[in-house]
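1. The following block contains a protein sequence and its predicted model.
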Amino acid sequence: MTQPIAKLALEDGTVFTGLSLGAEGEVDGEVCFNTSMTGYQEILTDPSYRGQILTMTYTQIGNYGVNTEDMESAKTHMSGFIVRECSRRVSNFRANQSLDEFLKQNNVVGLTGIDTRALVRRLRTSGAMKGVLSTVDLDDASLVEKARSSAGLVGRDLVQEVMPAEGSSWSEKLSPWVKMGDKNRAEKSRTEQDLHVVALDFGMKWNIPRHLQDMGCKVTVMPGSSTADEVLAQNPDAVFLSNGPGDPEPLVGPIETIRGLLGKKPIFGICLGHQLLSLACGAKTFKLKFGHRGANQPVLDLTTNKVEITSQNHGFAVEEESLPDCLEITHRNLNDNTIAGVQHKTLPAFSVQYHPEASAGPHDSEYLFERFRELVDGQKV
Ligand SMILES: NC(=O)CC[C@H](N)C(=O)O
């Protein structure tokens, strides 16, 4: 069977023609790129990609297939997925299906066989752009017009499309693969859950509550739209603010909730959670030119002077000039010096712009979960 043609059109008028991968159809979204060589399943199921069409910079994707264990949420969330070459042969004992089958099953419209280097260079030069990916409309002018008139990400609340409707109690454990070959890591695992953490879910990657549970937290997951009173009614020892999709500034409800929790409970935020904590403290956020997405982003921890290699996925960041006096910078991205972490000077609250839960990516930043635990323990005595 021959694969149907698929096209990607950008708002600047560029059109890439390749072959269909995964589902057929037509989607629009912000076109961005990820530099990870592996981890495509975790990336595809990360809810923070809602509203985006992602291209992988690594040339061949899919060679170890997709399995039932590496899910970061129940399904895929991105609009479209682009790879230079999708491996036809799946070779891994954990694989249950191929990437193509997984994309079809999850209705992700994909594109393969284009010059992804040319696409990424264009995005790096011009910045992230709106685009349309289609297997049904193959008329260049029509596609470019659709890309130009598509909604884009800025000013939209995408969290409401991915957050859970109801609260739940987290039960899934951290995968034994995380601890394999790392004796120190295995020794840190706690069997008893003696802290209670409410995780506000804005589109949370599952490896975060798995980590929280592994370091001794009973985790109650609550929708990101919960109010401060609803969170406090759970009587938690601490609150966690999750990652999530889109522009943080329109999320006025969650920002209000965080203001109501600051000083009452210790707070730890990751990615969107970091942006929301900073906004709640009076900072502003801005859109990065093309974002940070990959598993090799260097970050300096200013409190220890150590460099960690981190997993990242964000298109917005906290604006340094707007940082209020109550916040101090704890981490910096060494590629562009942007803020990668902050802490409150007087209240127990801190956050990072990147992903200590990895999945996929290096485990250098796992110490942040321990730092959170120490902060909470310190507040209890
Ligand atoms: N992974 C995230 O939480 C992303 C945060 C936000 N949506 C951004 O793009 O900057």
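-> Yep, that arrived.
2. C-alpha only now, for contacts and for neighbours.
-> Fine.
3. Can you report how many residues lie near the closest residue to residue 359 other than its chain neighbours?
-> Counting by CA to CA, 6 or more residues apart in numbering, residue 359 lies nearest to residue 42, which is 6.2 Å off, once chain neighbours are set aside. Here the count is done by other CA atoms under 10 Å, and residue 42 has 23 residues near it.
4. Could I get the average pLDDT for whichever strand or helix holds residue 42?
-> Using DSSP states H and E, residue 42 sits in helix 40-44. Confidence for helix 40-44, expressed as mean pLDDT, is 98.
5. again with stretch 68-82
-> Per-residue scores along stretch 68-82 average to 97.
6. on that earlier part again, residues making contact with the helix holding residue 42?
-> 49, 61-62, 66, 70-72, 76-78, 359-360 (CA atoms under 8 Å, 6 or more residues apart in numbering).
7. and what of stretch 167-185?
-> For stretch 167-185, contacts defined as CA under 8 Å, 6+ apart pick out 186, 207, 209-211, 213-214, 218-223.
8. From those, list the buried ones, please.
-> 207, 209-211, 213-214, 218-223 (16 or more other CA atoms under 10 Å).
9. May I ask which two of the residues you listed are separated the most?
-> The span of the buried ones among the contacts of stretch 167-185, defined through CA to CA, is set by 214 and 223 at 21.8 Å.
10. What degree of burial does residue 23 show, as a neighbour count?
-> 20.
11. Tell me what it is bridged to.
-> For residue 23, the beta-bridge partners are residue 109 (DSSP bridges).
12. That one and residue 58: what is the separation?
-> From residue 23 across to residue 58, the span is 21 Å (CA to CA, to the nearest Å).
13. for residue 148, same thing?
-> Residue 148 is 28 Å from residue 58, by CA to CA.
14. Equivalent analysis for residue 165, please.
-> For residue 165, the distance to residue 58 (CA to CA) stands at 36 Å.
15. More neighbours: those two, which one.
-> Between residue 165 and residue 58, counting by other CA under 10 Å, residue 58 is the more crowded of the two (17 against 13).
16. re earlier: biggest separation within the contacts of stretch 167-185, which pair?
-> By the measure CA to CA, 186 and 223 form the most distant pair in the contacts of stretch 167-185, at 31.0 Å.
17. Check the gap between residue 362 and residue 335 for me.
-> To residue 335, residue 362 is 17 Å away according to CA to CA.
18. more crowded one of these two?
-> Counting neighbours by other CA under 10 Å for residue 362 and for residue 335 shows that residue 362 has the greater number, 18 against 10.
19. Would you confirm that the more buried one contacts residue 311?
-> Yes: between residue 362 and residue 311 there is a contact at 6.8 Å, judged by CA atoms under 8 Å.
20. between those two, what contacts are shared?
-> 295-296.
21. where along the stretch 101-250 of the chain do the helices fall?
-> Counting by DSSP state H, counting those that start in this stretch, the stretch 101-250 of the chain has helices at residues 116-126, 140-149, 159-162, 176-179, 183-188, 207-214, 228-232.
22. The ligand contacts on the protein?
-> Along the chain, the residues adjacent to the ligand under the rule CA under 6 Å from any ligand atom are 48, 243-247, 271-272, 313-317.
23. Report pLDDT for the residue nearest to residue 6 when sequence neighbours are not counted.
-> Leaving aside its chain neighbours, residue 6 sits nearest to residue 135 (4.4 Å; criterion: CA to CA, 6+ apart). pLDDT for residue 135: 98.
24. Next, the contact list for residue 135, please.
-> 4-7, 20, 24-26.
25. Next one: it from residue 111, what distance?
-> In terms of CA to CA, residue 135 sits 9 Å off from residue 111.
26. which residues do the two both contact?
-> In terms of CA under 8 Å, 6+ apart, residue 135 and residue 111 are both contacted by the residues 6-7, 20.
27. Give the full set of residues in contact with the residue most central in space within the chain.
-> Compute the mean C-alpha point of the chain, and by CA atoms, centre = their mean the closest residue is residue 48, 4.3 Å away. When contacts are counted by CA under 8 Å, 6+ apart, residue 48 touches 77, 203, 243-246, 313.
28. Could you double-check that residue 26 sits in contact with residue 143?
-> No: with contact defined as CA under 8 Å, residue 26 does not count as touching residue 143 (9.8 Å).
29. From the contact counts, what lies against the longest strand along the chain?
-> Determined from DSSP state E, the single longest strand within the chain is strand 285-301. Applying 3 or more CA pairs under 8 Å, 6 or more residues apart in numbering; DSSP states H and E, one finds that strand 285-301 contacts strand 26-34, helix 116-126, strand 306-318, strand 327-333.
30. what about residue 175, distance to residue 276?
-> Using CA to CA, residue 175 is found at 29 Å from residue 276.
31. Looking at these two, which is more packed in?
-> residue 276 (31 against 14).
32. And for the spatially closest residue to residue 267 that is not a sequence neighbour, the neighbour number?
-> In this structure, residue 267 finds its nearest non-sequential neighbour in residue 349, 4.5 Å apart by CA to CA, 6+ apart. Neighbour count of residue 349, defined by other CA under 10 Å: 26.
33. How about the contacts made by the residue lying closest to residue 60 once chain neighbours are set aside?
-> For residue 60, the nearest residue in space outside its immediate sequence neighbours is residue 85; the separation is 4.9 Å by CA to CA, 6+ apart. Residues in contact with residue 85 (CA under 8 Å, 6+ apart) are 59-61, 112-113.
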